[in-house]
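# mind folding the following:
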Amino acid sequence: MRLLSAFRRERSEPEYFYDLMARDTVAQLGAYADLRGATVIDVGTGFGFFARALAAAGARCTGIDHDLGELTAHGGRGENRLVASALALPFRTGAADVCFSSNVLEHVPDPWRMGDEMVRVTRPGGTVFLSFTNWLSPWGGHETSPWHYLGGDRAARWYERRTGRPPKNRYGRSLHPVSVSAALAWARRREDVRVLDALPRYHPRWAEGIVRVPGLREIATWNLVLVLRKKDR
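Below you'll find the predicted structure:
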């Protein structure tokens, strides 16, 4: 409820909203991995709110983003942040204790290649924490929601007519339809990871079961958290 309430301030007070969400998410990540002294790669670090929350939890964090403007939008470039692609992470295999990404997967044209890269750079025994907004959720179209249910292109045209400007998240360019079922299928067919958890990010723990219900999970999940443990070989 606190996060949903804060969401109304995302555009007017982005620092407040993203700082709150980052601290909440890092606390959730801490249930799966000891962050003190851990090497963490933050994929799609953007403004750096998650990287700062990870550092505050004791991690040694390096963030990457493909957009220099995102990296510098809130007060300077910061330390250990690189311009790079999530589809070809500039790190050696097994470099990180934790590979983390929040709300980036739906913005890349090849989401499972990004997922593969996150697994690659994680050491055996390490943790992959991947969350994203699924397309059929009420927020799947981002600022064009809920009109994305009528089609991504149609929703983008409607948004532009209403506001006089195109949406930041353009369907088929910077916003792509990703499903909960596709994420689970990708994780399960990998033989080098074990699925620790798959749960709706903003729901109470008693609502976790919706992820196991085909169809319903695509609408009711809102945002999926997928937590993987890379197997020792």
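
# pLDDT weak spots in the chain?
1-16, 69-78 (pLDDT under 70).

# grab the longest strand from it for me.
Longest strand in the chain, counting residues (DSSP state E): strand 122-133.

# quick one: strands adjacent to it?
strand 96-102 (parallel), strand 223-230 (antiparallel) (DSSP bridges).

# can you give me how far whichever strand or helix holds Glu117 is from the chain middle?
Taking DSSP states H and E as the definition, Glu117 sits inside helix 111-120. Helix 111-120 sits 12 Å away from the centroid of its parent chain (Cα atoms, centre = their mean, to the nearest Å).

# how about residues contacting it?
Applying Cβ atoms under 8 Å, 6 or more residues apart in numbering, the contact partners of helix 111-120 are 41, 43, 86-89, 93, 99, 101, 104-105, 108, 128, 130, 132, 176, 178, 182-183, 186-187, 190, 192-193, 228, 230. For glycine as for every other residue, the C-beta is placed from the backbone atoms N, C-alpha and C.

# which of those residues fall in strands?
Per DSSP E, strands hold the following members of the contacts of helix 111-120: 41, 43, 99, 101, 128, 130, 132, 193, 228, 230.

# where along this protein do the helices fall?
2-7, 14-29, 49-56, 68-72, 111-120, 152-163, 180-189, 216-220 (DSSP state H).

# convert the fifth one to PDB, retaining C-alpha atoms only.
What follows is helix 111-120, C-alpha atoms only, in PDB (Å, rounded to 0.1, in the frame of the first residue of the first chain):
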ATOM      1  CA  PRO A 111      14.500 -10.200 -23.200                       C
ATOM      2  CA  TRP A 112      15.800 -13.800 -22.900                       C
ATOM      3  CA  ARG A 113      19.100 -12.800 -24.300                       C
ATOM      4  CA  MET A 114      19.300 -10.300 -21.500                       C
ATOM      5  CA  GLY A 115      18.300 -13.000 -19.100                       C
ATOM      6  CA  ASP A 116      21.000 -15.300 -20.500                       C
ATOM      7  CA  GLU A 117      23.600 -12.600 -20.100                       C
ATOM      8  CA  MET A 118      22.600 -12.000 -16.500                       C
ATOM      9  CA  VAL A 119      23.000 -15.800 -15.700                       C
ATOM     10  CA  ARG A 120      26.400 -15.800 -17.600                       C
END
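
# can you list the buried residues in that helix?
By neighbour count on 16 or more other Cβ atoms under 10 Å, the buried set for helix 111-120 is 111-112, 114-115, 117-120.

# rewinding a little: closest to Leu82 out of the ones in strands among the contacts of helix 111-120?
Closest approach to Leu82 among these (Cβ to Cβ): Ile41, at 9.9 Å.
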